[in-house]
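Trainee: Pasting the sequence and the predicted model now:
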Amino acid sequence: MAKPQQKTSELRTAVRACSGTFWAAAFFSLFINLLMLVPPLYMLQIYDRVLASRSESTLVMLTAIVVGLMVVLGALEWIRSRVLVRASGRLDSLIGDRIFDALFRRGLITPGGADSQAVQDANSVRQFLTGSGLLAFFDSPWLPIYIAVIFLFHPLLGWVAVGGALILLILALANNFISRAALNQANAEQVAAQQTLTNQLRNAEAAAAMGMVHRLRERWQQRQERVLGFQSKASDQASPFYATSRAFRLLLQSLILGAGAYLAIHQHITPGIMIAATILLGRALAPMDSLIGNWRGIMGTRQAFGRLEKLLAEHPAEERKLSLPAPKGRIDAEQLAVIPPGSNEPAIRGVSFSIAPGETVGVIGPSAAGKSTLVRALLGVWPARAGHARIDGADITDYNADELGPHIGYLPQDVELFEGTVAENIARFGDVDAQAVVEAAQAAGVHELVLHLGNGYDTYLGPGGGTLSGGQRQRIGLARALYGNPAILVLDEPNSNLDDNGDAALTAALDQGHDAGRTQIVISHRHAVLSRVDRLLVLKEGRLLAAGDRDEVLRRFARGTHATATGTNG
């Protein structure tokens with residue numbers, strides 16, 4: 001029975017797409033390594049021809065030829081490095097967007113958000129493609145050719161070179177075998193320590209306010225100590241091999257020089273051949289020495305490559321779907337069940353309801369009832385474990401996110417603004433339509449506030465919104481949600497940081513959207529907001545406890561509360 005063929009990873013496919021560039025680099029390496037034969041041959045001619053004949057013209061001619069060839073060698077080295085830089089750039093263009101998208105999608109399903117380790121891994125791979133480690137791989141195949149030339153000088157010199165090369169190879173393999181486990185552990189711990197630090201810095205404000213910094217620092221230092229411990233172990237294991245190989249390489253050059261001197265004494269070779277063989281052996285072993293010296297970086301790049309492959313495999317590219325018509329605003333949940341990322345228990349359990357286009361619906365319930373989870377599933381941010389979330393009858397997963405997004409307005413509970421101008425944030429970092437930006441800001445009641453900022457709508461905001469207050473970020477976030485008059489508006493606790501003016505602007509925006517026929521879902525417990533909704537959904541422990549007309553639902557729960565209180569008192 002034939003085994004199923006394993007699908008090639010996207011990263012390997014991208015690398016293979018750059019194979020033409022790598023072959024070009026290998027082609028230049030051919031001539032570079034051929035020209036590396038020039039210095040020992042020049043030395044051979046100097047010792048055996050120029051010194052013997054005392055011919056100045058021969059010396060001048062040979063020197064001129066060598067200078068010209070070395071200029072060509074330098075040019076080829078420069079061209080090869082530029083070719084590899086182009087390969088690095090092309091690899092980034094082929095896979096960079098996919099890494100960003102996969103990292104972003106991991107952030108959606110990772111509690112606390114994903115870290116940027118994948119970006120660092122991609123940089124490690126690119127740096128390897130332009131560094132000395134890859135050049136050593138290109139030059140290593142020339143080792144047997146250089147040794148073959150040494151054999152042409154004399155078999156004894158060739159066997160000395162072969163024996164030395166085999167010993168160095170054994171040392172390199174032993175180094176890899178013994179230090180690999182510690183290096184893998186060190187790299188894994190370093191990634192974990194980086195993730196810990198990223199999470200701590202993300203919550204630096206709360207940590208500083210509550211005096212947690214020193215305890216968090218202790219936890220980070222514990223991880224760092226494990227990293228340093230594994231790195232020290234790997235270094236302790238690798239350093240004897242590196243030191244031995246380096247010393248043996250120097251010894252080998254002395255040994256071949258001694259063997260050459262012995263042969264020259266007995267007139268089997270000339271002194272020029274003796275010197276040329278020594279230089280040639282040093283050149284032959286240089287790539288191997290470079291590989292041993294860069295072994296830690298090579299192993300780190302290999303692990304980075306593996307992590308990138310895993311990331312892309314876990315979050316495969318989304319195929320483009322058939323473009324659907326712009327949504328009118330009907331929303332349906334059909335036996336919807338959702339398990340939040342990082343949890344094993346569903347936060348939404350078999351919820352079903354329908355929202356007609358143009359309706360404004362409020363979602364209420366106690367803490368941990370699943371309200372935010374519900375709207376995230378309705379918007380396709382979190383996947384449904386069972387059931388369906390539909391917009392205009394189509395499953396939310398049937399839409400292309402970039403096509404559906406402009407028709408959705410979403411204000412999450414924790415508002416994040418991005419690095420850029422106020423106008424860019426409101427316009428969702430698309431082409432800034434000045435009129436649409438101002439209209440959205442006016443609808444959110446934030447126009448006057450923006451005008452009083454340093455540069456108005458061109459005020460540059462740092463990461464997270466810079467120095468804006470929570471209320472200012474929330475109102476600009478509301479303007480972003482209203483930008484382009486979306487057909488569906490979802491607001492999660494939209495007035496948690498608003499003052500009276502902000503509350504008034506919010507209710508006015510809800511009224512305006514209701515009059516315009518926009519479908520609106522609002523999570524809130526404030527009476528001013530709930531008075532604007534047509535219907536209420538009541539969640540408790542992830543289940544739909546009640547759904548219906550706002551006043552009827554409120555009366556029902558008021559009666560239930562009163563009856564419970566009366567029974568308790570009785």
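Mentor: Right, received. Where do you want to start?
Trainee: Show me what counts as buried in stretch 247-254.
Mentor: Residues 248-249, 252-253 are the ones in stretch 247-254 that count as buried (16 or more other C-beta atoms under 10 Å). The C-beta positions use only the backbone N, C-alpha and C, and glycine is treated the same way.
Trainee: Likewise for stretch 264-279?
Mentor: Under 16+ other C-beta under 10 Å, the buried positions of stretch 264-279 are 264, 269-279.
Trainee: For it, the averaged confidence score.
Mentor: Per-residue pLDDT over stretch 264-279 has a mean of 86.
Trainee: Straight-line length of that stretch, end to end?
Mentor: Length of stretch 264-279, first residue to last, C-alpha to C-alpha, to the nearest Å: 16 Å.
Trainee: just curious, which of the buried residues of stretch 264-279 is nearest to Phe22?
Mentor: Ile279 (28.9 Å; C-beta to C-beta).
Trainee: Quick check, pLDDT for the closest residue to the closest one other than its chain neighbours.
Mentor: In space, and not counting its chain neighbours, Ile279 is closest to Pro40: 4.2 Å by C-beta to C-beta, 6 or more residues apart in numbering. What the model reports as pLDDT for Pro40 is 85.
Trainee: count of residues packed around Pro40?
Mentor: 24 (other C-beta atoms under 10 Å).
Trainee: so it is in which element?
Mentor: Using DSSP states H and E, Pro40 sits in helix 38-45.
Trainee: Just list the residues touching His388, thanks.
Mentor: By C-beta atoms under 8 Å, 6 or more residues apart in numbering, the contact list for His388 reads 332-336, 395-396.
Trainee: Across the sheet, point out what pairs with it.
Mentor: Assessed by DSSP bridges, His388 has beta-bridge partners Glu334.
Trainee: Distance of Trp503 relative to Ser531?
Mentor: Quick fix: residue 503 reads Asp, not Trp. Distance, Asp503 to Ser531, using C-beta to C-beta, to the nearest Å: 12 Å.
Trainee: ok, now Gly107?
Mentor: Using C-beta to C-beta, one gets 36 Å for the distance from Gly107 to Ser531.
Trainee: same thing with Ala26?
Mentor: Remark: distance between Ala26 and Ser531 (C-beta to C-beta) = 73 Å.
Trainee: Would you map the helices across the stretch 351-500 of the chain?
Mentor: According to DSSP state H, counting those that start in this stretch, the stretch 351-500 of the chain carries its helices in the segments 371-378, 401-404, 422-426, 434-443, 447-451, 470-482, 500-515.
Trainee: and of the ones you listed, who's closest to Thr360?
Mentor: Judging those by C-beta to C-beta, what sits closest to Thr360 is helix 500-515, at 5.1 Å.
Trainee: gap between the helix or strand following the closest one and the chain center?
Mentor: Using DSSP H and E, the helix or strand that follows helix 500-515 towards the C-terminus is strand 519-523. Relative to the chain's own centre, strand 519-523 is displaced by 34 Å; criterion: C-alpha atoms, centre = their mean, to the nearest Å.
Trainee: Dump strand 519-523 to PDB, restricted to CA.
Mentor: Coordinates of each C-alpha in strand 519-523 appear next as PDB, following Å, rounded to 0.1, in the frame of the first residue of the first chain:
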ATOM      1  CA  THR A 519     -28.600  46.400  13.200                       C
ATOM      2  CA  GLN A 520     -27.200  47.100  16.600                       C
ATOM      3  CA  ILE A 521     -26.100  44.800  19.400                       C
ATOM      4  CA  VAL A 522     -25.200  46.400  22.700                       C
ATOM      5  CA  ILE A 523     -23.800  44.800  25.900                       C
END
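Trainee: what would the helices of the stretch 351-500 of the chain look like in JSON lines with mean neighbour count and mean pLDDT?
Mentor: Below are those laid out as JSON lines (neighbours: other C-beta atoms under 10 Å; pLDDT from 0 to 100):
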{"stretch": "helix 371-378", "mean neighbour count": "24", "mean pLDDT": "89"}
{"stretch": "helix 401-404", "mean neighbour count": "14", "mean pLDDT": "85"}
{"stretch": "helix 422-426", "mean neighbour count": "24", "mean pLDDT": "88"}
{"stretch": "helix 434-443", "mean neighbour count": "18", "mean pLDDT": "90"}
{"stretch": "helix 447-451", "mean neighbour count": "17", "mean pLDDT": "88"}
{"stretch": "helix 470-482", "mean neighbour count": "24", "mean pLDDT": "87"}
{"stretch": "helix 500-515", "mean neighbour count": "17", "mean pLDDT": "84"}
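Trainee: of all those helices, which lies closest to Ile150?
Mentor: Of all those, the one in closest proximity to Ile150, counting by C-beta to C-beta, is helix 401-404 (61.9 Å).
Trainee: Residues touching that closest one, excluding its own?
Mentor: 318, 323-324, 327, 380, 391, 396.
Trainee: picking up where we left off before, among the buried residues of stretch 247-254, which two are most distant?
Mentor: The most widely separated members of the buried residues of stretch 247-254, counting by C-beta to C-beta, are Phe248 and Gln253 (9.9 Å).
Trainee: Asp534 and Thr507: what is the separation?
Mentor: Using C-beta to C-beta, we find Asp534 at a distance of 14 Å from Thr507.
Trainee: hey, where'd the strands end up in the chain?
Mentor: 331-338, 348-355, 360-364, 386-391, 394-395, 408-411, 420-421, 460-461, 488-492, 519-523, 535-540, 543-549 (DSSP state E).
Trainee: just to revisit the earlier point, which one of the helices of the stretch 351-500 of the chain lies closest to Ile46?
Mentor: Nearest to Ile46 among those is helix 422-426 (67.4 Å), distances taken as C-beta to C-beta.
Trainee: Let me see the contact set for Thr11.
Mentor: Heads up, residue 11 is Leu, not Thr. Counted by C-beta under 8 Å, 6+ apart, Leu11 has contacts 95, 305, 308-309, 312.
Trainee: which one of the residues you listed is nearest Asp121?
Mentor: Taking C-beta to C-beta as the measure, Asp121 sits nearest to Leu308 out of those, at 5.2 Å.
Trainee: Verify the contact between that closest one and Ile99 for me.
Mentor: Yes: the pair Leu308 and Ile99 passes the contact test of C-beta atoms under 8 Å, sitting 6.7 Å apart.
Trainee: which neighbours do the two share?
Mentor: Jointly contacting Leu308 and Ile99 under the rule C-beta under 8 Å, 6+ apart are 118, 122.
Trainee: Between the two, which has more neighbouring residues?
Mentor: Shown here are Leu308 and Ile99; by other C-beta under 10 Å, Leu308 has more neighbours (23 against 20).
Trainee: Could you check the pLDDT of the more buried one?
Mentor: Leu308 is assigned 84 on the pLDDT scale.
Trainee: And it, how close does it get to Met274?
Mentor: Applying C-beta to C-beta, the value for Leu308 to Met274 is 50 Å.
Trainee: same check, this time on Asn123
Mentor: Distance, Asn123 to Met274, by C-beta to C-beta: 46 Å.
Trainee: need the contact list for the nearest residue to Arg80 once chain neighbours are set aside.
Mentor: Closest residue in space to Arg80, ignoring its immediate chain neighbours: Phe28 at 4.3 Å, by C-beta to C-beta, 6+ apart. Shown in contact with Phe28 (C-beta under 8 Å, 6+ apart): 76, 79-80, 83.
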